[in-house]
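S.K.: Quick one: sequence and predicted model below, then my questions.
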Amino acid sequence: MNSDKIKKGIARTPHRGLLYAAGVSKKNIDKPFIGIASSFSDLVPGHIGMRDLERQIEKGIHSGGGQSFVFGVPAVCDGIAMGHSGMQYSLPSRDLIADCVETVAGAHQLDGLVLLSNCDKITPGMLIAALRLNIPAIIVTAGPMLDGVCKHQKLTMIKGSFEAVGKYRAGVISEEELCEMEENSCPSAGACQGLYTANTMACLTEVIGMSLPQCGTASAVSALKRRIAFDSGLQVVNLVREGIRPSDIITRDSLRNAIICDLAMGGSTNSFLHILAIANAGGIDISLKDFEELSEKVKQIVKLDPSAEPTMADLHNAGGISAVLKTLYKNIPELKNTAGVNGYNLEELTKNTWVDSNLIHPVTSPVTQKPGLGILYGNIASGGCVTKISGIDEKCYEFEGIARPFDSEEDAMEALENDKIKAGDVIVIRYEGPKGGPGMREMLAPTSLLVGKGLGTSVALITDGRFSGGTRGICIGHICPEAADGGVIALIEEGDKIRININKRTLDLLVDDKTLDERRKKLKPFTPKHAGGYLAKYARFVKDASHGAIV
């Protein structure tokens, strides 16, 4: 075992002394040492219930014959960090979390890990760490929160708060109604209720096979989630004894399975960044070409909030991720029969799974004839960009509008809040990419304001930044090259025409090359926004979005 390096032999007498000081008994000193990397935080609603799950995992580890050790990692709530400079830290926190887990587990020579996660960047950060360390590991995602209810109206965090602000500013609801929705939109611990980034990554972790069945959809406050936590602790000890490592589970096939399910469910566009980064950590050959190839073969069979009314609770009640996999398996030849940490392969797992076909449509009768997500190219995005097709009204698949460029999210928000944006505009938010932001901020505030003000089908928004999984509307993100790298998005001027074509997967600035060359000569070199600190270091080493914004 790895831990023999810190507990075997006369030379390790000081190490054993310190382990005894930490409370390890002589009976347990020879047992597998299992770390519980917990992202518990009083600041993050998705994580406030983790103390209970830590105890359940501990019980499972000790019942299985292991010795558990809890240690903490950072967590950022994207909702609280949204719309201000705090969002610059969200995506960089993914790499920070991976570094933290790798550091603690590597320094203490742990034999295995249970990675307790939930929100947006924590889950992919932990998957990256699992592959780097390549010691037996299981992910426990803490689960979605309960649906909100206000006067018999079903609410989610997005519709009950971010979009409600737009409705209030448009005079659709009163301030009293806004306050009622605010208080009732997030009624419990857990990740926000829709198929946003947190829940997308929880579902894809289950698809990949790194968490136990039903973990991706089971409510954060359910008894089932507590049982999953216990069983995960029990199972990780078995993985240590059998020598099953993350590299045995996270493969090219299992990551492509995740892409297929992501396209079929219309998850968060952030999953593109995270799957590419996870693949990079494992030395696995996955690129944007895989997303392009599979998007031609997969149609959307599930539609959840924010693109529709059903939430994660509805998906769980419809059979969960196992039901999605069963529906796709054998109907999509590219979906492979991969194995998971529970010891079962996909075919065995889905054999007796019940499927509610009212929510999880058959492949022969999809929700739409298109995938939930798409990659676009054009002169604005020669390196690619992404969009959530499931969140776009079909009548907007071909959209041409007038450019309204802004060099920051704050400038765009000021224009929106003061009614300076009108139907037919294309908002361009630039210098918000991985390097330019830095940290590639999410644009949930402006996109939600557009929808709330009734402009969701008449105004488009394109950016080299990111979108929340809660975004809907004509929104294109992850534009490469970004403005800070001198991309064409930096050359767009007020009044230019921009054409978006979802059917042809194109995004173009309708300006001739000669004019663009002249503008490029006048473009000032980008000046980094931070001279020191973590964000300055991140901006210096981060790669572009088409490579997963890896460091």
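M.R.: Arrived safely, thanks for sending.

S.K.: Let me know whether my guess that residue 68 is in a helix holds.
M.R.: No. Counting by DSSP: H, G, I helix; E, B strand; the rest coil, residue 68 is not part of a helix but strand.

S.K.: Isn't it up against residue 57?
M.R.: Yes. Assessed by Cβ atoms under 8 Å, residue 68 is found in contact with residue 57 at 7.1 Å. Where C-beta positions appear, they are placed from N, C-alpha and C, glycine not excepted.

S.K.: Who has more neighbours out of those two?
M.R.: residue 57 (30 against 25; other Cβ atoms under 10 Å).

S.K.: So which bits of the helix or strand that contains the more buried one are buried?
M.R.: Here residue 57 is covered by helix 50-63, with elements defined by DSSP states H and E. Neighbour-count burial for helix 50-63, with 16 or more other Cβ atoms under 10 Å as criterion, is recorded at 50, 52-62.

S.K.: Now find how far off-centre the strand ranked longest in the chain is within its chain.
M.R.: Ordering each strand of the chain by length in residues (DSSP state E) puts strand 398-406 first. Centroid displacement of strand 398-406 relative to its chain, using Cα atoms, centre = their mean, to the nearest Å, is 27 Å.

S.K.: Show me what counts as buried in it.
M.R.: 399, 401, 403-406.

S.K.: pretty sure residue 456 contacts residue 449?
M.R.: No. Judged on Cβ under 8 Å, residue 456 makes no contact with residue 449 at a distance of 9.9 Å.

S.K.: Can you show me the helices along the stretch 451-551 of the chain?
M.R.: 513-522, 534-541 (DSSP state H, counting those that start in this stretch).

S.K.: repeat for the stretch 301-450 of the chain
M.R.: 312-317, 320-328, 346-350, 409-417, 444-452.

S.K.: who touches the second one?
M.R.: For helix 320-328, the surrounding residues in contact (Cβ atoms under 8 Å, 6 or more residues apart in numbering) are 203, 206-207, 213-214, 216-218, 257, 260-261, 264-265, 298, 301-302, 319, 335, 346, 349-350, 353-357, 360-363.

S.K.: and what of the last one?
M.R.: The set of residues that contact helix 444-452 without belonging to it, under Cβ under 8 Å, 6+ apart, is 78-79, 82-83, 158, 162-170, 172, 409, 412-413, 416-417, 421, 427, 429, 456, 459, 461, 467-468, 470-473, 475.

S.K.: if we go to 7 Å?
M.R.: 82-83, 158, 162-167, 169-170, 409, 412-413, 416, 427, 456, 459, 461, 467-468, 470-473, 475 (Cβ atoms under 7 Å, 6 or more residues apart in numbering).

S.K.: cool, the third one as well?
M.R.: With Cβ under 7 Å, 6+ apart as the test, helix 346-350 has contacts from 213, 322, 325-326, 329, 337-338.

S.K.: Let me know whether residue 482 touches residue 433 as I believe.
M.R.: Yes. Using Cβ atoms under 7 Å, residue 482 makes contact with residue 433 at a distance of 2.9 Å.

S.K.: after the helix or strand harbouring residue 176, next one along is what?
M.R.: Assessed by DSSP H and E, residue 176 sits inside helix 175-184. Going down the chain from helix 175-184, the next helix or strand is helix 197-208, by DSSP H and E.

S.K.: CA-only coordinates of that following helix in PDB, if you can.
M.R.: Presented in PDB, the C-alpha positions along helix 197-208 are these (Å, rounded to 0.1, in the frame of the first residue of the first chain):
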ATOM      1  CA  THR A 197     -22.900  23.200 -14.400                       C
ATOM      2  CA  ALA A 198     -22.900  21.500 -10.900                       C
ATOM      3  CA  ASN A 199     -25.600  19.000 -11.800                       C
ATOM      4  CA  THR A 200     -24.300  18.500 -15.300                       C
ATOM      5  CA  MET A 201     -20.900  17.500 -13.900                       C
ATOM      6  CA  ALA A 202     -22.500  15.300 -11.200                       C
ATOM      7  CA  CYS A 203     -24.500  13.500 -13.900                       C
ATOM      8  CA  LEU A 204     -21.400  13.100 -16.200                       C
ATOM      9  CA  THR A 205     -19.400  11.800 -13.300                       C
ATOM     10  CA  GLU A 206     -21.900   9.100 -12.900                       C
ATOM     11  CA  VAL A 207     -21.800   8.400 -16.600                       C
ATOM     12  CA  ILE A 208     -18.000   8.200 -16.600                       C
END
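
S.K.: Now render the helices of the stretch 451-551 of the chain as a markdown table, adding distance to residue 143 and mean neighbour count.
M.R.: Output for the helices of the stretch 451-551 of the chain, formatted as a markdown table (distance: least, Cβ to Cβ, whole Å; neighbours: other Cβ atoms under 10 Å):
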| stretch | distance to residue 143 | mean neighbour count |
| --- | --- | --- |
| helix 513-522 | 48 | 10 |
| helix 534-541 | 30 | 17 |
